[in-house]
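**Q** sequence first, then the predicted structure, then my questions.
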Amino acid sequence: MIKKELKFIVDVGVGKKIENWLSVQGYCTKNIRDLNPCMPDNEILKIASQEKRMVITMDKDFGELVYSSNLPHAGILLLRIEDFNAAEKLAVIKKILQEHQQEIIGKFCVFKDNKLRIR
């Protein structure tokens, strides 16, 4: 297994298929499902920032926390793919990491309408 530079914290709504795939691929991941499925978003962000983990989420509230509340972060990958099934979500993650892994480190990223925006 190859050690990957990018570390993740995966929010509950993202799904077990992605959690498992990231782990198998050698990414250091923490899953909110395993820690506390009811953990507030600001706590998730705090852990992620302290441990330098990118948050993978489908929850738009992270944008509010980062941009309006100015909370620190180590990167957010917001997936706006509510209608996708587990296999389609996984395909999106694979494509993003294959094509943009170095670019997304520490950035606020939104995947929507088959496009990735990196800020």
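**A** Structure received.
**Q** now the strands for the chain?
**A** 7-10, 28-31, 54-57, 76-79, 108-112, 115-118 (DSSP state E).
**Q** from the contact counts, what lies against the third one?
**A** Secondary-structure packing of strand 54-57 (3 or more Cβ pairs under 8 Å, 6 or more residues apart in numbering; DSSP states H and E): strand 7-10, helix 41-50, strand 76-79. From N, CA and C alone the C-beta is placed, and that goes for glycine too.
**Q** now distance to Ile96 and mean neighbour count too, for the strands of the chain, in CSV please.
**A** Shown next, in CSV, are the strands of the chain (distance: least, Cβ to Cβ, whole Å; neighbours: other Cβ atoms under 10 Å):
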stretch, distance to Ile96, mean neighbour count
strand 7-10, 12, 24
strand 28-31, 15, 19
strand 54-57, 10, 26
strand 76-79, 7, 24
strand 108-112, 7, 18
strand 115-118, 6, 13
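**Q** contacting residues around the residue nearest to the spatial centre of the chain?
**A** Per Cα atoms, centre = their mean, the C-alpha nearest to the average position across the chain is that of Ile56, at 1.2 Å. Applying Cβ atoms under 8 Å, 6 or more residues apart in numbering to Ile56 gives the contacts 8-11, 14, 18, 77, 79, 93.
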